[in-house]
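**Q** Need the 3D shape of this:
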Amino acid sequence: MRIAFISTRGIPNDYGGFEQFAEYISVGLANRGHEVTVYSPHFHPYKENSYKGVRIKHIYSPETWMGSSVGSFFYDFASLRDALKRERFDIIYEAGYTSIVPAYIWFNVKNIRHPVFTTNMDGLEYKRTKFNRWVRKFVFWEERMTVKHSHYLIADNMGIHDYYKEKYGKESKFLAYGADIHEDYNSEFLKEFGLEENGYYLLVARLEPENNIAMAIDGYLASEENGRRPLVIVGKTNTPHGKELVARYGKERSVRFIGGIYDFKKLNSIRKYSLAYFHGHSVGGTNPSLLEAMASGCFILANDNLFNRAVLKHHAEYYSTPAEVTGLLNDMAVYVVRDKEKFIAANLEEIRTAYSWEHLVDEHEKYFEWLLAQKR
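**A** Prediction:
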């Protein structure tokens with residue numbers, strides 16, 4: 001099969017979840033003999049035309065001077081134009097929809113028989129509180145247009161799958177992200193941050209409102225653990241909401257904002273040795289950072305929503321309010337003895353089976369073969 005991945009910031013991964021996915025799946029499919037192309041913006045640091053058997057197409061993106069929110073529309077348009085006018089792909093995989101919709105409409109892709117278009121719908125983007133009211137309305141329009149114009153939809157979480165079925169009567173294919181289980185943890189990394197094994201709580205996230213960081217912090221500050229074990233927050237603080245959080249909580253002695261950590265051995269070790277891990281994401285599908293926390297053997301305290309429950313099932317402690325966070329922390333000794341080891345073991349097994357990259361390469365290969373069979 002000739003397969004193209006469009007709308008990522010390129011491989012090898014130098015950015016985030018879609019890029020990590022594109023790298024693992026494209027390399028895995030190339031190793032099985034498929035002709036795989038990943039579109040990459042010209043500013044990506046990797047300048048070669050192939051990567052581990054995957055062909056790279058470098059496309060100019062004005063993001064560096066226009067900003068990602070506007071520049072990505074032009075980058076996606078140019079990528080899709082190249083894929084349709086200069087290539088002969090069987091399948092075009094679109095990673096997210098928020099900047100491809102104008103190109104879908106312009107090229108009238110819903111009436112193109114070949115190649116087949118399948119779109120990963122990501123999360124409920126119009127609910128992201130970082131957007132103002134008018135942007136949310138526009139993103140909701142984009143969602144509806146994507147459902148209308150894409151041949152097939154992909155949901156990375158069963159909650160997302162059910163949403164599109166109920167709201168639009170449209171089926172989507174459940175295909176998750178993956179994660180690796182590592183064994184190279186090193187407690188020496190903790191010394192850099194003045195931490196001790198099982199002596200801190202951890203939260204790793206983009207500092208955006210929909211990740212409910214303030215909920216975790218407020219609940220922690222009201223708990224008996226405040227001053228006993230610190231709450232460590234990993235994530236870049238230069239976002240508008242990040243700056244608000246630092247201004248509001250930065251003087252709290254037990255709340256530590258340590259910025260982003262991009263050395264994965266270090267980050268996974270910090271995850272591994274936490275007493276418990278907060279996952280507050282509320283509007284996405286299957287969040288890669290949640291899978292990485294599961295794969296790192298974290299004891300997870302999760303925001304109670306259908307997306308997180310679809311992944312974690314009964315193997316996490318859940319909260320919906322700061323008061324519930326406080327209650328969890330005040331009774332942490334009980335939860336650690338009763339649940340921690342069995343929850344960690346269950347989540348690791350889930351990663352080995354449902355979320356292993358090899359399994360997901362299998363699933364994507366079968367899905368792509370099925371897509372082509374529908375057009376015969």
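**Q** can you pull out the strands in the chain?
**A** 2-6, 35-41, 50-51, 54-59, 91-95, 116-120, 152-155, 173-174, 201-204, 231-234, 255-257, 276-279, 300-303, 317-319 (DSSP state E).
**Q** Which residues lie in contact with P115 in this structure?
**A** By CB atoms under 8 Å, 6 or more residues apart in numbering, the residues touching P115 are 4, 83, 88-92. (C-beta placed from N, C-alpha, C; glycine too.)
**Q** quick one: it from I92, how far?
**A** 5 Å (CB to CB, to the nearest Å).
**Q** try A4
**A** Distance check for A4 against I92: by CB to CB, it reads 5 Å.
**Q** who's more crowded, the two?
**A** Comparing A4 with I92 by other CB atoms under 10 Å, the one with more neighbours is I92, at 28 against 25.
**Q** remind me which residues of the protein are low pLDDT?
**A** The chain contains residues with pLDDT under 70 at 15, 123-130, 376.
**Q** follow-up on the earlier one: which residues are in contact with each of P115 and I92?
**A** Applying CB under 8 Å, 6+ apart, one finds that P115 and I92 are jointly contacted by 4, 83.
**Q** Could you double-check that K52 lies in contact with V27?
**A** Yes: checked against CB atoms under 8 Å, the pair K52 and V27 is within contact range at 4.7 Å.
**Q** More neighbours: those two, which one.
**A** Taking other CB under 10 Å, K52 and V27 do not tie; V27 has more neighbours (19 against 13).
**Q** show me what contacts the more buried one?
**A** 11, 51-54.
**Q** again, 7 Å this time
**A** 52-54 (CB atoms under 7 Å, 6 or more residues apart in numbering).
**Q** Please enumerate the helices of the stretch 251-376 of the chain.
**A** For the stretch 251-376 of the chain, the helices defined by DSSP state H, counting those that start in this stretch occupy 264-272, 288-295, 306-312, 322-330, 332-335, 341-353, 357-374.
**Q** Most tightly packed of these?
**A** Ranked by mean neighbour count under mean count of other CB atoms under 10 Å, the helices of the stretch 251-376 of the chain are led by helix 288-295, which reaches a mean of 24.
**Q** Which other helices and strands does it contact?
**A** strand 276-279, helix 341-353 (3 or more CB pairs under 7 Å, 6 or more residues apart in numbering; DSSP states H and E).
**Q** which residues are contacting the last one?
**A** For helix 341-353, the external contacting residues (CB under 7 Å, 6+ apart) are 179, 181, 291, 294-295, 297, 299, 312, 315-316, 359.
**Q** any idea of the angle it forms with helix 288-295?
**A** Relative orientation of helix 341-353 versus helix 288-295 (axes from the mean of the first three to the mean of the last three CA atoms, to 10 degrees): 120 degrees.
**Q** Could you check how far helix 341-353 is from the centre of its chain?
**A** In terms of CA atoms, centre = their mean, to the nearest Å, the centre of helix 341-353 is set 19 Å apart from its chain centre.
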